[in-house]
Every structure is written in C-alpha cells, then in structure tokens.
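# Provided below for reference: sequence and predicted model.
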Number of protein chains: 2
Amino acid sequence: MSSTEGIRRPVGINDVAARAGVSPGTVSNVLNRPERVAESTRRRVERAVRELDYVRNSSGRSLRSGRSDSVGLLVLDVTNPFFAEVARGVEDTAGEEGLAVVLLNSAEQAARQQRSIRLLAEQRAAGAVIMPVDGDTADLLWLRKQGVPGVLLDRGDVSDDIACSVSVDNHAGGMAAGRHLINLGHERITYLSGPGHLEQCRTRLEGLRASVAESGADPDEVVRVIHTAQLNAESGEKAVEEVLAGGPKRRPQAVFCTNDQLAVGVLKGLGERGLGAPADLSVVGYDDVNLAALVHPGLTTVAQPKYELGRAAMQLLLSELHESDHSHARLRFAPELTVRGSTAAYRP
Amino acid sequence: MSSTEGIRRPVGINDVAARAGVSPGTVSNVLNRPERVAESTRRRVERAVRELDYVRNSSGRSLRSGRSDSVGLLVLDVTNPFFAEVARGVEDTAGEEGLAVVLLNSAEQAARQQRSIRLLAEQRAAGAVIMPVDGDTADLLWLRKQGVPGVLLDRGDVSDDIACSVSVDNHAGGMAAGRHLINLGHERITYLSGPGHLEQCRTRLEGLRASVAESGADPDEVVRVIHTAQLNAESGEKAVEEVLAGGPKRRPQAVFCTNDQLAVGVLKGLGERGLGAPADLSVVGYDDVNLAALVHPGLTTVAQPKYELGRAAMQLLLSELHESDHSHARLRFAPELTVRGSTAAYRP
DNA sequence: ACCGGGTATTGACACGTTTTAATAAACCTG
DNA sequence: CAGGTTTATTAAAACGTGTCAATACCCGGT
C-alpha cells in the first residue's frame, strides 16, 4: 500500500452481474432499458456498478450493435475561427443526444480528407458532418455505402439525392456586398478570392457580378479577380501589392474579400503602405468572425450564422439517424450584411 | 442496377479469407504483421481485400486487443485560437504514428471535463492530452487507473509522479512583460486576469510582481488586479471601465492582460472612449495569437510556442505508450516577449 | 529414407457486450 | 383453483478481430 494503486484488471459487465447476484443480461438491461427491470434488482445492480466503479466498454458495445455512438466532424481547417464556431454548434447539439464528436481536420488536402473518411468507416461512426475539400462526392458516397450517413456543410451545390446539406446562400451574400459597394458609388471593385476550386469563392463572385449587372454596369468592366493560395491574413497582406498594381489612377475603389482573414490582411497591408480604409479604399470581408469587430476600422462584412449552421447540420443528421423513412433535405440560411467602418462613399 | 447500390452487408475478415482461400488468421497477419506471411499468399490476400473493398472494424480490433488507436485531446475552449494551434501540433504528431485524435471540449466547465474523461475511458483510448479546468487531479488519476495514460498541458505546477506535463514558464512570461513595462517607466500597472482559479493567470501575476520587486518598488503599490469572467475580447472591452476608474490621476499607465483576446478587447474599449494605446496607456497581451499582429496598433505580447507545445505533448505521450519503463517528464518551454506598437515609454 | 528444424498456415478460443427466445414467477379472471 | 396472461429474469448465441499453440509443409544433412 506504499505507492499509488496500480492498474487493476478491468471490470466488466460480468463482474457487476456476479456482485449483484444477477445475470449479465440483466445488467445490460439496467444500463440500456432500465424500465424493463424491477425496481429492487435495478437498485442492487446500480449499487454494484458504483462499488466496482464499472465503466462500460464501447468496443464491445458497438461491436455487438454494429453502430457506435460517436459522429465525425470533418472540417477544412481547425485554425479558422469560422470552423471553430461551427464546431461548437455541432458539438453542443450532439452532446444533447449523448453523442461524442470526433473532430477531424483535412487541412484542405484531399488526401487527408480521404484518410479521415476511412477512419470514420473503420470506427463505424454513427454519422458525419462533412465540409468537403472539393466538389468530388466519391468519398462521401463511399462512406454512405459503408453505412455511415453524412450531412454536407457549406456545399449547397450538390444534388440532394446524395445527402442532406446545410449552407448559406453565397450568391445572396455576394450580391449584398456588391449592392452595398455600388450604392456607395464604387465603380472599380476587386474581388479577392481564395483558391479557385472552392465553390464558396466562385459563387460569391457570381453574386457580386450579378449585383453589378443589376445596376446596369458591365461586370467585366467593373470587377477584377485576384486569387490567393490560402484563406488567411498573410495571403491577404501579400495580395495588396497586386491589388494596388496599376497605380492610383486604375487602382480599385473597393476590395471585396471572400473571407475576413483575407480582409484583415488587406487592411494591414494598406496600413503598411500609408494607405487606409475607407479613406483610400473600401474593404469588405465575409463570415463576420470575432476579429472583424475588433480591428480598426471595424470591418464591414457579410455575416454567416456559424453556430446555427453547425447546429442545423447536426440536427439534420440526427433526424436521418432516427427516422426510418428519410428523404434528404437541403437547408439554406440567409447571410446578412454587417456594415462597420471599413467602407464609405467614394470621393473622387 | 437501376438506382445506386444500397447498403450491403458489411464484409469482414472472414469474407476476405474465404475469397483468398486462406484462414482468417492469415488475413489478420497480412494486415498486422505482413512480414510473417509468404509473399505469394500475401498478394492473394491483398487482392481479395481490394476486390471486396474490405475496411477493418476497429470495434472488434480494440475489443480483442483491449486498446484503441485513438487518443483524446481535451481543451478548454475550441474557439480560442491558442488551443486551435496546439491542436494542430497534437494532430500532426499523432497522425505520423497512425493515431486518430478525438477532440473534446470542456468549455472550462468541470462537469463537461468529467463527461469527456469518462468517454475516453469507455473508448479505451490509447492515451490523452489534457488541459485541466482546475488544479483537481482526481479525474486524471481516475483515468490513469482505468488504463489510459494522460499528459498534462499548460499545467506546470503538478508533481511529476502523476503524469508527464508540458508547459510554458508562466512566471518568466509575467516577468518579461513586467520588466518591459518597468523599463518603459511605468509605475502604475493593472493586471487584467481571467477567472481566479486558472493557474496560468495566477502565476503570470506572480511573475509580474516579482519583476516589480526586482526593480526595488513595492508590488502592492504598483500592481492592481482586475478579474474578468471569461478570457475573451468582450470581457476585455467591458473591463476597460473598471480599469479607468479613479480618474486620469490614478489611472494606470499600463495594462497587462493574461490573454491576447482580453488585450484586444481593451484596445477596442479604449478606442470607444477616445483613448488609445500607447499614447494614453500601454497594453500588453499574452499568447501571440494571429490576431495580435493584425490589430492596430500591433499588440506587444508574450509569445508562447503553441504548435510546439502540442507536438511535444503528443511526443511525450507516444514515448509513454511505447517505452515499457517510463518515468514521467516535466517539459517547460520559455516564452518570448514580442514588442509591437501597443507599448511605449511613459510620458508624464 | 529418416530426422531435425525452421517457416507458413491453421483452428479455436477470448475479448465485453447486446439480443432473442425460453423459462420462471407472479398476477388476473371467471 | 385452473388456465391464461403479463412481468422479470436468464442462458446462450452472436458481433469481428487478434493470438497462440498446434500442425503441415519444406529442405538440407546424415
């Protein structure tokens, strides 16, 4: 009894049964369908559970039942606060149902996405919420064929016989930003896009162009597009050089970034060159992450209901798990323009 | 063949064995110790695996072996970019070893921490990296007794016969910030702390006070402490009122925040009142998250090696898993002061 | 031809749980 | 109190895998 108690032989359902003087099956019933077992024996079993400090073994459990009680959440980048907020929504909702969330990170790499999906299949996860790296739905279909249903997040463009999906209307978001800038009198707008293969980036651009067309102007004249390699502040800062290229005369009057991180990077890059928003250039972001309200000037941005997005995705997944007859739903939220200090009327 | 292929009966190791004309045991060997099986049969088995699209069942696997191949990572707040970065370090390192990371979020609540720990025990996780909500090590010891070893993160104050730990020297960090402010001539410093029960907050304060004492002044005179409920920007913004209380004469000359989020909130709160750093008040943060470099003025802060922290924790855990004779190590990183624009010499 | 000794493979069992069909006990009802 | 019905419990059979002792096979040496 000198040192701390060592690792003891794990106690199983059988030990509990022996202690309580009942059969293993009864213990299982107490644990899973308490109403089927008589009050007195139930209490006896519960006491044995406490005394032995029994903790159930989910391997055995899910081996027998063929299904585990954890769900996967596959995300493009843990580091991005947008996803963190979504993750909170997913986790809270899953927690209410007693499900554990396994957070996987694809880091925007198709190979890592595939590894993660395979892992979920091996674990026989109950389901998954997935933000795919690209438009390729093969992984998703494969996973479903293995018996793991998935809900798509932030991918409104896939046909809904594949899976449920939850997204925010990117076209509307692009238009909202575009109209705002047009109303302020801007006639040369640069769209700072992320990698071209991301659907979100493309659709927001289309929205922007649509709002320009709506105003009677020619999108090809007004909108210029610049791509960055990644969706972070560093890329935004670097891109400023290219944004400003062409000199003060042809310089854009506004920059619409597909992501707040990029936008904040642009603000910083401008500052380093002695310029500033909105005096020299209006800047609009997207997402409305925490950061957007904290920088100076406050960032005008298109807000997405991040937490609700995660929550809705999980709810859709839950309904697919519970309902026997299920038909896929496509849920689409509306974004909302949040005006702060980084945009202002154009002064020639 | 009209619609998509439905969910088929899951294929197991036995099906593969049958197909390859071999016993289940051999298939298992091919999967786990390929060197023990003859070249020709191995290829035959591998072909069967491909043809049947076999995916192994980790429930059966870990039921038999008594141990799963995933590790837990329990953090205080997924939303905090500091933890996100740590998570990346943990995940990358675990991935190299073929381990999956289950990310759990305690949201700084002891009850949720306990639930998460129980979950890890039920899953028979291979191990865990844990940032505890408070100094209570009971949960951790219980988990270890269940056979799940844990590495402590950001808790340098526990005795090392409990577990390995990785941390950053909070005392040194507090001193670094304090010396910096003292060198700039500040004589009234407010320490903006998080909840009082967090060890990090307390130790950094001690460091700050030590640096004051070192300079020959009386810490009780110089340092004033204000607590906030949470470690986010909103709390920082709200706290500004209290920071400024007492009027311009007794107002502090510098504020040292225990966290960058708080510091950024303070910057914002100052701006709203027509004040600014460093002109009216110097501000120092802690962590050096992305954000710190992006706000204006850039935030002077105590940088922690976040990614390395996660990586080291995971490496320690791995060594504990692999080595048969293991003695706990306590690893401590050194923080580094990063000076930006939010601090300046005091001008009476 | 026989034996020794390695190598390749097999068969059977164990892991901890859930589940189903069967049994035992208790409770009605006429 | 017999017969029937509900309720409480049990025994045994899976679930898919890893392991290990036992077997079959092969080859070279005497």
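Now that the structure is in, tell me what you want to look at.

# Is the closest residue to A:Trp142 other than its chain neighbours part of a helix or strand, or is it coil?
The shortest distance from A:Trp142 to any non-neighbouring residue, by Cβ to Cβ, 6 or more residues apart in numbering or on different chains, is to A:Ile117 (7.3 Å). Every C-beta, even on glycine, is put in place using the N, C-alpha and C of the backbone. Classification of A:Ile117 by DSSP: H, G, I helix; E, B strand; the rest coil places it in helix.

# ok, A:Ile117 - contacts?
A:Leu74, A:Ala128, A:Ile130, A:Asp139, A:Leu140, A:Trp142, A:Leu143 (Cβ atoms under 8 Å, 6 or more residues apart in numbering or on different chains).

# nearest to A:Arg273, of those residues?
Here the nearest of the contacts of A:Ile117 to A:Arg273, counting by Cβ to Cβ, is A:Leu74; it sits at 39.0 Å.

# For A:Arg112, grab the count of nearby residues.
A count of nearby residues for A:Arg112, using other Cβ atoms under 10 Å in any protein chain shown, gives 17.

# So for it, what's the pLDDT?
A:Arg112 carries a pLDDT value of 91.

# go on, A:Ala329?
For A:Ala329, pLDDT reads 89.

# Now do it against A:Gly156, distance only.
Separation of A:Ala329 from A:Gly156 (Cβ to Cβ, to the nearest Å) stands at 12 Å.

# Just the pLDDT for A:Glu97.
Looking at A:Glu97, the pLDDT reads 89.

# Ignore what I typed, I meant A:Thr4.
The model's pLDDT for A:Thr4 equals 48.

# Likewise for A:Ile7?
pLDDT for A:Ile7: 59.

# Looks like A:Gln315 contacts A:Ala94 (just checking).
No: in this structure A:Gln315 lies outside contact range of A:Ala94 using Cβ atoms under 8 Å: 9.8 Å.

# Strands of chain A, start to end?
Using DSSP state E, the strands of chain A run over A:70-75, A:100-105, A:127-130, A:150-153, A:164-168, A:189-193, A:223-227, A:254-257, A:282-287, A:300-303, A:330-333, A:336-338.

# Contact residues of the stretch 151-300 of chain A facing chain B?
Contacts of the stretch 151-300 of chain A with chain B, taken as Cβ under 8 Å from any Cβ of the partner chain, map to A:232-233, A:264-265, A:267-268, A:271, A:290-291, A:293-296.

# out of the residues you listed, who's nearest B:Ala210?
Looking across these and measuring by Cβ to Cβ, the closest to B:Ala210 is A:Leu294, at 31.2 Å.

# Any figure for the gap between the closest residue to the closest one other than its chain neighbours and B:Pro297?
Counting by Cβ to Cβ, 6+ apart, B:Val264 is the residue found nearest to A:Leu294 once chain neighbours are left out, at 5.1 Å. In this view, B:Val264 and B:Pro297 are 11 Å apart by Cβ to Cβ.

# likewise A:Gln261?
From A:Gln261 to B:Pro297 the distance is 20 Å (Cβ to Cβ).

# out of those two, which sits in the more crowded spot?
For A:Gln261 versus B:Pro297, the count of surrounding residues by other Cβ under 10 Å is larger for A:Gln261: 29 against 18.

# mind listing what that one touches?
A:Gln261 touches A:Asn80, A:Leu231, A:Asn232, A:Ala233, A:Gly236, A:Val289, A:Leu291, counting by Cβ under 8 Å, 6+ apart.

# Hmm, A:Gly265 and A:Val295 touching each other?
No: if you go by Cβ under 8 Å, A:Val295 and A:Gly265 don't touch, sitting 10.4 Å apart.

# coming back round to it: neighbour count winner among A:Gln315 and A:Ala94?
A:Ala94 (25 against 20).

# That one - nearest residue in space that isn't next to it in sequence?
A:Val101 is the one closest to A:Ala94 (Cβ to Cβ, 6+ apart), at 5.0 Å.

# if we can go back for a sec, quick check: of the contacts of A:Gln261, which lies closest to B:Ala279?
Distances from B:Ala279 to the contacts of A:Gln261, taken by Cβ to Cβ, are shortest for A:Leu291, at 23.4 Å.

# how near is the residue in the stretch 101-250 of chain A that chain B sits nearest to to DNA strand D?
Closest contact between the stretch 101-250 of chain A and chain B, by Cβ to the nearest Cβ, is at A:Leu103 (3.8 Å). Counting by Cβ to the nearest atom of the strand, to the nearest Å, the gap from A:Leu103 to DNA strand D is 25 Å.

# That residue: what's it in contact with?
A:Leu73, A:Val75, A:Val78, A:Ala87, B:Val78, B:Val101, B:Val102, B:Leu103 are the contacts of A:Leu103 under Cβ under 8 Å, 6+ apart.

# now A:Val45
A:Val16, A:Ala20, A:Val22, A:Thr26, A:Val27, A:Val30, A:Val37.

# how about a markdown table for these, with pLDDT and neighbour count added?
Listed next are the contacts of A:Val45 as a markdown table, based on pLDDT from 0 to 100; neighbours: other Cβ atoms under 10 Å in any protein chain shown:
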| residue | pLDDT | neighbour count |
| --- | --- | --- |
| A:Val16 | 96 | 26 |
| A:Ala20 | 94 | 22 |
| A:Val22 | 95 | 19 |
| A:Thr26 | 96 | 21 |
| A:Val27 | 96 | 27 |
| A:Val30 | 96 | 24 |
| A:Val37 | 93 | 19 |
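
# For A:Ser211, state which of those is nearest.
Distances from A:Ser211 to the contacts of A:Val45, taken by Cβ to Cβ, are shortest for A:Val30, at 62.0 Å.

# where do the helices sit along the stretch 101-250 of chain A?
Using DSSP state H, counting those that start in this stretch, the helices assigned to the stretch 101-250 of chain A run over residues A:110-122, A:138-145, A:170-183, A:199-214, A:219-222, A:233-244, A:247-250.

# and A:Val78, what pLDDT?
Reported pLDDT for A:Val78: 87.

# what's the distance between it and chain B?
Applying Cβ to the nearest Cβ, to the nearest Å, the value for A:Val78 to chain B is 5 Å.

# What lies in contact with stretch A:195-205?
With contacts defined as Cβ under 8 Å, 6+ apart, stretch A:195-205 is touched by A:108, A:134-135, A:154-157, A:170-171, A:173-174, A:177, A:191, A:193-194, A:223, A:225, A:227-231, A:258, A:286.

# For ChimeraX, write a command that selects the buried ones of these.
Per 16 or more other Cβ atoms under 10 Å in any protein chain shown, the buried members of the contacts of stretch A:195-205 correspond to this ChimeraX selection:
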select /A:108,154,155,156,170,171,173,174,177,191,193,194,223,228,230,231,258,286
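
# Quick one, grab the pLDDT at the closest residue to A:His227 other than its chain neighbours.
Nearest residue to A:His227, sequence neighbours excluded (Cβ to Cβ, 6+ apart): A:Ser193, at 5.1 Å. For A:Ser193, the pLDDT comes out at 94.

# In this structure A:Gly150 contacts A:Leu141, no?
No: A:Gly150 is beyond contact range of A:Leu141, at 9.3 Å (criterion: Cβ under 8 Å).

# And the helix or strand of chain A with the lowest mean pLDDT, how far out from the chain middle?
Here the helix or strand of chain A ranked lowest by mean pLDDT, DSSP states H and E is helix A:247-250, holding a mean of 76. In terms of Cα atoms, centre = their mean, to the nearest Å, the centre of helix A:247-250 is set 39 Å apart from its chain centre.

# Kindly format the C-alpha coordinates of that helix as CSV.
Provided in CSV are the C-alpha atoms of helix A:247-250 (Å, rounded to 0.1, in the frame of the first residue of the first chain):
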residue,chain,number,x,y,z
GLY,A,247,-1.1,53.0,-60.0
PRO,A,248,-3.5,55.4,-58.3
LYS,A,249,-5.5,56.0,-61.5
ARG,A,250,-6.6,52.4,-62.2
